[in-house]
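Participant: Quick one, what's the 3D model for this:
(one chain, ligands or ions: 1)
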Amino acid sequence: MAKLLSGREVAAALEEDISRRCVALREQGIVPKLALVRCGEREDDIAYEKSIRRQAARSGVETESCVLPETAAPEKLKELLEELSANAKVHGCLIFRPLPGALAAKQREICNVLSPEKDVDGCTAASAAAVYTGEGAGFPPCTAQACLEILDYYGINCRGKRAAVIGRSLVVGKPLAMLLTARDATVTLCHSRTEGLGDICRQADLIICAAGRPGLLTGDMVRPGQTVLDVSMNFLPELENADGSLGGFVGDAIYEEVEKTVEAISPVPGGVGRATSAVLMKHVVTAAERRLK
Ligand code: NAP
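Facilitator: Just a heads-up that it's a prediction; the model follows:
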């Protein structure tokens with residue numbers, strides 16, 4: 001049976017550190033503040049916003065919600081991001097993505113208006129460049145960073161190790177491949193056209209699943225000694241819960257199969273997702289500290 005890599009434990013440890021740093025900032029007259037920019041009323045955005053606000057309250061970070069209609073003109077959203085970038089009381093800004101409706105087509109252009117110093121979820125080109133070069137302002141996307149926080153918390157060193165990252169999105173797979181490379185891992189970045197995924201996974205020491213495909217990582221694709229981080233949050237309406245209710249989240253790994261063989265695995269839920277919102281707070285506090293310096 002594999003060791004469970006608990007995102008809850010990682011988040012609790014991060015929260016302790018963040019709270020301490022928040023107290024130190026408040027003693028210097030600074031209240032770390034996160035602006036939450038939401039366009040439209042999409043249910044998953046609203047649920048995520050609520051959980052961020054709860055997390056912020058626990059950590060001592062102030063939040064401000066800025067809501068525009070889904071039909072807002074791109075210029076209106078850009079104006080808001082310019083205002084937030086110039087507002088000295090705001091240290092970080094999260095834009096709920098993907099942007100809805102017609103805004104989606106201009107997402108990259110819109111996000112780039114945000115000052116990289118406040119880009120706490122790595123959505124600007126400047127943040128991507130910082131992840132790529134290891135220099136400059138900006139932050140990695142919180143989910144990618146959450147994977148590193150889990151590895152650090154459990155003392156899993158990836159130096160010289162082979163890592164298979166499944167998924168090449170700008171939010172998870174690509175930045176994670178860069179961050180792991182910076183830690184001296186040898187990374188294979190896999191995607192839907194990758195041939196021989198099973199062989200690549202079996203050869204890896206670390207497997208990170210971020211494809212959004214339930215059932216993708218099966219028991220015969222893993223071997224003893226490996227660490228598996230499952231980033232994906234796949235909602236299955238037919239999943240039966242312990243209380244008999246229906247509907248729940250699973251990752252890409254078939255947990256019952258994979259955990260029998262590997263050394264360690266993060267669960268879904270309670271894994272990477274749980275650590276991600278704590279990382280968001282860490283980034284806000286870091287942005288506030290950087291400003292102070
Ligand atoms: P995405 O933009 O849809 O990207 C999925 C990636 O997986 C693509 O690169 C795709 O390849 C690849 N892929 C799809 N099917 C594959 C297959 N059969 N074999 C190998 N690769 C395959 O998704 P995302 O935004 O990165 O999110 C991925 C998952 O992570 C989702 O379940 C999402 O809910 C979850 N997520 C979790 C958090 C968190 O905080 N825990 C945050 C963000 C996302 P191509 O490029 O070739 O299409």
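Participant: For the rest of this, base every contact and every neighbour count on C-alpha atoms.
Facilitator: Will do.
Participant: Correct me if wrong: Gly122 contacts Tyr132.
Facilitator: No: the criterion here is CA atoms under 8 Å, and Gly122 misses it with Tyr132 at 11.7 Å.
Participant: Please report phi then psi for Val187.
Facilitator: The phi/psi pair for Val187 (degrees, to the nearest 10) reads phi -110, psi 130.
Participant: Repeat that for Thr218.
Facilitator: phi -100, psi 170.
Participant: can you give me the strands for the stretch 1-150 of the chain?
Facilitator: For the stretch 1-150 of the chain, the strands defined by DSSP state E, counting those that start in this stretch occupy 3-4, 33-39, 62-68, 92-95.
Participant: For the stretch 101-250 of the chain, what lies in contact range of the ligand?
Facilitator: With CA under 6 Å from any ligand atom as the criterion, the stretch 101-250 of the chain meets the ligand at residues 143, 166-169, 171-172, 190-193, 210-213, 231-234.
Participant: Repeat the analysis, applying 8 Å as the threshold.
Facilitator: Within the stretch 101-250 of the chain, the positions adjacent to the ligand are 142-143, 146, 166-173, 190-194, 197, 209-213, 216, 231-234 by CA under 8 Å from any ligand atom.
Participant: PyMOL command for the buried members of the residues you listed?
Facilitator: This is the PyMOL syntax for the buried subset of those, where burial follows 16 or more other CA atoms under 10 Å:
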select buried, resi 142+143+146+166+167+168+171+172+173+190+191+197+209+210+211+212+213+216+231+232+233+234
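Participant: Sort out for me which of the residues of the stretch 101-250 of the chain next to the ligand are in helices.
Facilitator: Counted as lying in helices by DSSP state H, out of these, are Cys142, Thr143, Ala146, Gly173, Leu197.
Participant: Contacts only, for the third one.
Facilitator: Shown in contact with Ala146 (CA atoms under 8 Å, 6 or more residues apart in numbering): Val272, Gly273, Ala275, Thr276, Val279.
Participant: Kindly reformat the strands of the stretch 1-150 of the chain as JSON lines and extend each row with distance to the ligand, mean neighbour count and mean pLDDT.
Facilitator: JSON lines is the format used below for those (distance: least, CA to the nearest ligand atom, whole Å; neighbours: other CA atoms under 10 Å; pLDDT from 0 to 100):
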{"stretch": "strand 3-4", "distance to the ligand": "16", "mean neighbour count": "13", "mean pLDDT": "98"}
{"stretch": "strand 33-39", "distance to the ligand": "16", "mean neighbour count": "22", "mean pLDDT": "98"}
{"stretch": "strand 62-68", "distance to the ligand": "19", "mean neighbour count": "15", "mean pLDDT": "98"}
{"stretch": "strand 92-95", "distance to the ligand": "13", "mean neighbour count": "25", "mean pLDDT": "98"}
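Participant: any chance of the ones you listed in TSV, plus distance to Glu27?
Facilitator: Putting the strands of the stretch 1-150 of the chain into TSV (distance: least, CA to CA, whole Å) gives the following:
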stretch	distance to Glu27
strand 3-4	38
strand 33-39	15
strand 62-68	15
strand 92-95	19
